[in-house]
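Participant: Build the 3D model from these lines:
(one chain, ligands or ions: 2)
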Amino acid sequence: MTIDPITGGCQCGAVRYRVNGEVSHPHICHCRMCQKAAGNYFMPLANAQNGEFIVTRGEIAWFASSDFTRRGFCRDCGTPLVFETVGAPHLNITLGSLDHPASVRPDHQYGIEAMMPWFGELNELPGKDTEDDPYQDGASTAEIAATNHQHPDRETEFWPPEGR
Ligand SMILES: [Zn+2]
Ligand SMILES: [Zn+2]
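Facilitator: Residues are numbered from 1 along each chain as shown. Ligands and ions are numbered 1, 2, ... in the order given. From the prediction side, this is the model:
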């Protein structure tokens, strides 16, 4: 049985990566720094060993969020990609940037002191599919899909495609 390598990248496709191995310690972090860095209520992360994390396209840009940690992102589109502690044998990859994010399931949480007080209630909110809400600020989901510049959830030989 062949196991597909774990791949991912940013939204625009300028930065792509591969993990030549498994990821470990999948978790979500609610700490205030991860909230800010993600622009979200939490950051989903898992460890990849330094030697097994390979940038296959482009270059990661960095912001040192403290003297001990730095956060890597795409300079072109802003997607958060990795988080690392200086000197650690591993870095953390953002699980939302994986090509197949549902393949890694978080099994613990960090930073729960900053967790949104209503975080546990989010799944009870009313919801619907993207297609069931056909207009978003005046553009239809079909129009948006027809002009989608997001990199697909797979490896590509060339990107962006000709004429884009
Ligand atoms: Zn990008
Ligand atoms: Zn955090």
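
Participant: for ligand 1, what are the nearby residues on this protein?
Facilitator: 10, 12, 14, 74, 76-77 (Cβ under 5 Å from the ion). Placement of C-beta: from N, CA and C, glycine included.

Participant: If we use 8 Å, what do you get?
Facilitator: 9-15, 58, 74-79, 151 (Cβ under 8 Å from the ion).

Participant: so what's the residue nearest the centre of the chain up against?
Facilitator: Using Cα atoms, centre = their mean, the residue of the chain that lies closest to the mean C-alpha position is residue 97, 2.7 Å off. Neighbouring residues of residue 97 by Cβ atoms under 8 Å, 6 or more residues apart in numbering: 8-10, 79-81.

Participant: What of residue 57?
Facilitator: If you count contacts by Cβ under 8 Å, 6+ apart, residue 57 has them with 9, 13-16, 159.

Participant: go again using 10 Å as the cut-off
Facilitator: Contacts for residue 57 (Cβ atoms under 10 Å, 6 or more residues apart in numbering) come out as 9-10, 13-18, 151, 155-156, 159.

Participant: With residue 152 instead?
Facilitator: By Cβ under 10 Å, 6+ apart, the neighbours of residue 152 are 9, 13, 99, 159.

Participant: quick one: which two of those are the most distant?
Facilitator: Greatest spacing in these, by Cβ to Cβ: 99 and 159 (13.3 Å).

Participant: Find residues that contact each of these two.
Facilitator: 9, 16, 151-152.

Participant: List just the nearest of these to residue 40.
Facilitator: For these, the nearest to residue 40 is residue 9 (18.2 Å; Cβ to Cβ).

Participant: so who does that closest one touch?
Facilitator: 15-18, 55-58, 74, 77, 79, 81, 97-99, 151-153, 155-156, 159.

Participant: Residue 82 now?
Facilitator: Contact analysis of residue 82 by Cβ under 10 Å, 6+ apart lists 8, 15, 17, 45, 48, 53, 55, 60, 62, 70-73, 91-94, 97.

Participant: Secondary structure of it: a strand, I assume?
Facilitator: Yes - counting by DSSP: H, G, I helix; E, B strand; the rest coil, residue 82 is located in a strand.

Participant: Could you pull up phi and psi at residue 37?
Facilitator: Torsion angles at residue 37 (phi, psi; degrees, to the nearest 10) stand at phi -70, psi -30.
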